[in-house]
Structures are given as C-alpha cells and as structure tokens.
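*Asks:* with the sequence up front, the predicted model follows.
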Amino acid sequence: MTGTAVDLIWLPPALALLGFVLNGTLALTRPTAKRLVSVIGAGVLLAAFAASIAVFSAFVGLHADEPVVLRYWSWIPVGTLQVDVALQVDQLSLVMLLVVTGVGSLIHLFSIGYMKEDPGYARYFAYLNLFVFFMLVLVLGASFPVMFVGWEGVGLCSYLLIGFWFSDAANANAGRKAFIMNRIGDFGFMVAMFMIFWATGSLDFGTVFTHAPMALVPGSRTVTAITLLLFLGCTGKSAQIPLYTWLPDAMAGPTPVSALIHAATMVTAGVYLVARCNLLFAMAPVSSAVVAGVGALTALFAATIALKQWDIKKVLAYSTISQLGYMFVAVGTGAITAGIFHLATHAFFKALLFLGSGSVIYAMHQAYHHTHAHDDAQDMRNMGGLSRYMPWTTSLMWIATLAIAGVPPLAGFFSKDEILTAAHARGHVEPIWLVFWGLGLLAALLTAFYMTRLMLYTFHGPNRTGEQEQAHLHEAPWIMTGPLLVLGVLSAAGGLLNIPALYRGGARLEHWLEPITQPSAALIPAVPLSPSTEWLLVGIAVAVAVVGIVGAWQLLKPQRLVPARSAPEERGFARVLRNKWYVDEIYDALIVRPLVWFSRVVLWQEIDQLVVDGAAVNGAARGARALGWANRWLQTGQVGTYVAVFVVGVLLVLWRAIG
C-alpha cells in the first residue's frame, strides 16, 4: 500500500459492482422504482469518475515511473503458477480508467432519458453497471488472468445488452452472434496465456515484461505465435477482419449501449491489450506488420460499407470498425501513444455521434408514437431537415463529424494525423508501411464522405418524416442533451491532450506514457521526419478531409431522396456495398451451414442416434435382454434336469483334470 489515494483504485470497480447488485435487486423486487434506479445507476458511475480523478491526482503526486501494484488476495496458488487478485496503477491504466468512467458516466446520464419508458429499466441499468465493472477489471488487472476475467465479462455483458429486447428474435440472434464471435478470439487469447506462462514462468505483467527479453528471442517463432494469438483475441473483441461482423449487428441493442460498447468499453479492449503488451509485439516484427496491415485493411474495408448504409446506427457501427483499424495501425507501427491518443479522442466524438443519433431516434419515435406511424425511425431516408427542429443536436453532431473527418483543430485531426505520420515515417525503413499509410489515407477520404452523407441526409434538405410527424419533432430532454454538450467540448478540444512539437505543443500524453512505451521504443527504429515533410503530410491529410466533405456536399442531393418505403433497390456495385460485400452470406455458406449440417447429420443422426443411442444405450439393453432369454432355458424348475446338468459338469471337470 502506498498510503495515498492510489490505494483507492479498488473503489471505481467496486462502485460499479455495487450499482449492479442494487439495481439487480430492484429489477427483481421493485422494477417500477425508476427514480431510485436512476440515482443508483448514474450515481455510482459519477462517484467512480470522482474516485478515478482522485487516484490519478495521487499517482501524479508520486512521480512514479514504475507501476503501483495493489495485491488483495491469492487467487490461483498452484505450484509455480501464483496468481493474485491484484490491480495495477500506471500511466496506461489511468488513461483507460478516466475514459471508461468519464465517458461511461455521460452515457449513463443519457440513458435516464432515453430508456425512461422501458419496462426493463432496472435490468438495463444493472447490466450497464456490470459492463463498466468488468471493463474496469480488464484495464486495471495486474496480470493476464485478472485481465481475462474482465475480458470475458464484457463479452457476457455485450450479449446481455445487445439482446436486451430478447423477445425479438433478431435481437436475440445478434446477442448470440456477438457472444460466439468473441469466443473464437478468446480461444487465441487463452492459448497465448499458456504459452506466455510456459516461456516466462509467470502471468503477472511486471514479471512477464521483465523476463521476456531474456526468455524470448526477438523474431522467434515462439514470440511471433504468442503475439499473433493475442491479436486473434483482439480481432474478436475490437471487431477487425475477419471477426468484425458481430459489431454492426450489435446495433440491435439500445442506442446508449451502442455508445458504451463503441466509445468507452468493449471494442477498445483489443487496442489496450496490444498497447499493454507493446514490448512483446516489438519483439515480433511479423506480428506487428500483421497488426498494422489488418488494421489498415479493416479501416478501408469498413469505410466502403459505410458509404451505402441507410440505418444511421449502422453507418456509425462501420465507422467504429474503421476507426479501430486506425488504432491498430498505430500500435502495430509502434506508435503506442498515437493509438491511445486516438482511442481517447474517438471515445469523445464517437460517443457524441451515437448519443446524438440516439436523440434523433428518440425524436423520431416520439413523432411516430403521436401519429401511430410505423416507419423505420433509424433509416436516414425517413429523416431529413431535422436541423430546423433539433438545432443543438445538429450543431454538436457536426462538431463530431468534422472531428472524425480530421478537420483541424478538432480532436480527431491531431490523433489521426499522428497515426498517418507514424506509418509514413516507418515506411522509410520498411516500404510496406507506406502501403498502410496509403490505405489509411484513402479510408480518411471515405470517412469524411460518408459522415457528411449522414449529416446531409439526416439534418439537411427537405423533411421526409411526414407532415403530421413534423409537429412532434423536437430536441430531447436536458438529461440527454447535457451529455452531448460535454462531449461536444471534448470533441473540439480533446486534441489538447497531445499537441505535438510540430505545433509547438508539449506532447503531454506522449511524455505521460513514456514509462509504458520506452521498452518497445528501444527495439523499433526511430525515423525522424523533417518539419517540411511533416507539414506536407499534414497538408495532404487535411486536403483529403476537405475533398471528402466538399465532394459529398456536391455529389449528394438530399432533395432527391425519398422515404424508405418508396425507395428503389440499389443496383450494381452500390448493391454490393449495401449488402456489406456479402461477407455474412459467405460466412453462412462456407462455415455456418456446413457446421449445422455436420452437427445435425453426422453428430446427431449418425453418432448420437446410431452409435450412442443405438449401439451403446439400446445395444446394452438388447444384449441384457438376449442374455436373459438364453438363461431362462436353464431355469426349468425340474430338479432332475438340474442334477443331470450338475453331473455333466462334474464329468467335464474331471475329464479336463485327468486329460
């Protein structure tokens, strides 16, 4: 123990867990006590954020370069495997702690207004609190097993929240899909943990990263296999190729859940894992290239799909997949600070975009409720012209849109520019990184285009909701609009976290994370760029954003759009993008259907029914019955027969003995 507020690191997760217990109890006993549920649900998160600030301030006061590990009790004492329930306070975990509790608190406040009419209100907040608890365990755990508990916990909570309205089969299926896809990645994480223990003799972060340079040979098959297996877990949790298809379907859950998953919790776990294990990835150049390559491909691929989606939440879902790709380009390149920087700024503007879309959906539902209409409240073709009715939401979502597009001086400009610059610099040593830079630049162009498309079709042009519905369109209540204002400020000013020296900034986040990034930085060749080259790269990035925005404004005509019920089907390549490159259909044809056939025909009909039931269970019964049938001929009840058989038996025994 340190004797400071750092010792209170257990308090944020404990408060979130307390909220789950209390709201879970209310869900079973007093589900209609919504005011009490609201106070508990949002209150524990606000208290957790306050405790996180206190821990952060105390850690800053320690001026510590080494992590502070607080051990509470022994969990797995088995021979040489000694795992404690322990939490680790260092520069990286504190950044994640503040993001999770800070953005999470705003999402909880928004949920009070968004979910107030839902009959499962108490259950919803219980799940939401549990989600934050497991995410805090994930980012604060001092060892791989403790982290894995949080890793699996957020997977469970995503299943519960994505399928929150489980009476609808589509929602239940979306929850199951998320759960199963994540289990595929989690298998890789588990195998990687076994290999790490085999190689280093420990699963504690401190011991593993201290012994790794001596226990593992840089570039060897072992460290490459470990890091690739870890990255397999990341592709599932952070929705990268090939395990990304669950995330768009996760839009089946309530919109604040989408904001929590996409902005502050689950999908950032993979980026955090690579950042935490940056030393291992620096020792495996092949794995680092795979991480960056998959990230760059995912960024571009998801951006192409977002171009032709009409569901406002689906556009943002593919946007998240794309932005996570940027983060993996950064951590794969070795620019750990750039990846975490973009993780933080993305949390700000993506939470704003999702909650803003939630305000839009809320307004559309209210309008349709009053007029008894049944149109899709999430389809942008049914919107249009909402800026006249929702000016605050419009302005704030434009800030987030310009931020994600990379327009200076908003938050996304600084973090995305840092990633692209790092990839270009690495390309001077290894040309493959120039390809990744090019893919990232093209993805940035598409990002600016499809986000401007979302704004034009939702807020500008003629209104397509219907004349009766227009009278009921208005801004959401203050409990929902207030968090948008805070996120708007963060989306605009979040770049102050790490303004680089090129702009005469102090690069605060970079210096803050140096104790975490220094070991890997020593293994990755630094390639300094001249100021003129850096300014050229900045100019190219800004030009790409401007071209995307202006191009969308010139090419897209909201006045030509018709409501979804009257819209014609897409044709040609637009249809391919609308159907997401048919990846789900390909997976279904190549994996799901053959697996179902194998399960039903081979495992069930052949093995279970014929072998297990037929040969083993029924065969044993038939054998016992046949044996009984044969033995009954010996039980005649005739004493003379028994004597005769006895005599014959004795004679046979004597004959065998004499012979």
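*Replies:* On my side now, so go ahead. All of these numbers come straight from a predicted model, not from anything done at the bench. Numbers count the residues shown, from 1 in each chain.
*Asks:* which stretches in this structure count as strands?
*Replies:* Using DSSP state E, the strands of the chain run over 68-78, 81-89.
*Asks:* tell me which residues in the shortest one are buried?
*Replies:* Going by neighbour count (16 or more other C-beta atoms under 10 Å), the buried part of strand 81-89 is 82, 83, 84, 85, 86, 87, 88, 89. Placement of C-beta: from N, CA and C, glycine included.
*Asks:* for those, give me a markdown table that also has distance to residue 394.
*Replies:* A markdown table is the format used below for the buried residues of strand 81-89 (distance: C-beta to C-beta, whole Å):
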| residue | distance to residue 394 |
| --- | --- |
| 82 | 56 |
| 83 | 51 |
| 84 | 51 |
| 85 | 47 |
| 86 | 47 |
| 87 | 42 |
| 88 | 42 |
| 89 | 41 |
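*Asks:* need the residues you listed in CSV (columns: pLDDT and distance to residue 581).
*Replies:* Converted to CSV, the buried residues of strand 81-89 look like this (pLDDT from 0 to 100; distance: C-beta to C-beta, whole Å):
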residue, pLDDT, distance to residue 581
82, 90, 48
83, 93, 42
84, 93, 46
85, 95, 44
86, 95, 44
87, 96, 42
88, 96, 41
89, 96, 43
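*Asks:* hang on, the earlier thing: and the strands of the chain: which comes nearest residue 474?
*Replies:* Of all the strands of the chain, it is strand 81-89 that lies closest to residue 474, at 45.0 Å by C-beta to C-beta.
*Asks:* same for that closest one, what does it pack against?
*Replies:* If contacts are counted by 3 or more C-beta pairs under 8 Å, 6 or more residues apart in numbering; DSSP states H and E, strand 81-89 sits against strand 68-78, helix 121-140, helix 144-162.
*Asks:* quick check: mean pLDDT of the shortest one?
*Replies:* Per-residue pLDDT over strand 68-78 has a mean of 92.
*Asks:* ok, now stretch 141-152?
*Replies:* 96.
*Asks:* can I get the strands of the chain in CSV with distance to residue 52?
*Replies:* Output for those, formatted as CSV (distance: least, C-beta to C-beta, whole Å):
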stretch, distance to residue 52
strand 68-78, 14
strand 81-89, 11
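*Asks:* can I assume residue 106 is in contact with residue 483?
*Replies:* Yes: with contact defined as C-beta atoms under 8 Å, residue 106 reaches residue 483; the gap is 3.9 Å.
*Asks:* when those two are compared, which one has more neighbours?
*Replies:* residue 106 (29 against 26; other C-beta atoms under 10 Å).
*Asks:* circling back to that earlier point, give me whichever of the helices and strands packed on strand 81-89 is most buried.
*Replies:* helix 121-140 (a mean of 26; mean count of other C-beta atoms under 10 Å).
*Asks:* contacts only, for the residue nearest to residue 464 when sequence neighbours are not counted.
*Replies:* Residue nearest to residue 464 in three dimensions, not counting chain neighbours: residue 384, with 4.4 Å by C-beta to C-beta, 6 or more residues apart in numbering. The neighbours of residue 384, taking C-beta atoms under 8 Å, 6 or more residues apart in numbering as the test, are 457, 458, 459, 460, 461, 462, 463, 464, 465, 558, 561.
*Asks:* could you save those residues as TSV and add columns showing neighbour count?
*Replies:* Below are the contacts of residue 384 laid out as TSV (neighbours: other C-beta atoms under 10 Å):
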residue	neighbour count
457	24
458	25
459	25
460	19
461	19
462	10
463	17
464	23
465	25
558	19
561	21
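*Asks:* in JSON lines: those residues, plus distance to residue 367 and pLDDT.
*Replies:* Below are those laid out as JSON lines (distance: C-beta to C-beta, whole Å; pLDDT from 0 to 100):
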{"residue": "457", "distance to residue 367": "17", "pLDDT": "95"}
{"residue": "458", "distance to residue 367": "14", "pLDDT": "95"}
{"residue": "459", "distance to residue 367": "15", "pLDDT": "95"}
{"residue": "460", "distance to residue 367": "18", "pLDDT": "94"}
{"residue": "461", "distance to residue 367": "17", "pLDDT": "91"}
{"residue": "462", "distance to residue 367": "16", "pLDDT": "92"}
{"residue": "463", "distance to residue 367": "10", "pLDDT": "90"}
{"residue": "464", "distance to residue 367": "12", "pLDDT": "90"}
{"residue": "465", "distance to residue 367": "6", "pLDDT": "87"}
{"residue": "558", "distance to residue 367": "19", "pLDDT": "89"}
{"residue": "561", "distance to residue 367": "18", "pLDDT": "87"}
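*Asks:* out of these, list just those in helices.
*Replies:* The helices, defined by DSSP state H, take in 457, 458, 459 from the contacts of residue 384.
*Asks:* name the nearest residue to residue 460, ignoring sequence neighbours.
*Replies:* That would be residue 558: by C-beta to C-beta, 6+ apart, it lies 5.6 Å from residue 460.
*Asks:* give me the contact list for stretch 520-528.
*Replies:* With C-beta under 8 Å, 6+ apart as the test, stretch 520-528 has contacts from 218, 278, 279, 281, 282, 283, 334, 336, 425, 426, 428, 429.
*Asks:* next one: stretch 52-69
*Replies:* Everything outside stretch 52-69 that qualifies as a contact, by C-beta under 8 Å, 6+ apart, is 2, 4-6, 8-9, 11-12, 86-90, 93-94, 97-98, 101-102, 142, 205-206, 515.
*Asks:* try 7 Å this time
*Replies:* 2, 4-6, 8-9, 12, 86, 88-90, 94, 97-98, 101, 142, 206, 515 (C-beta atoms under 7 Å, 6 or more residues apart in numbering).
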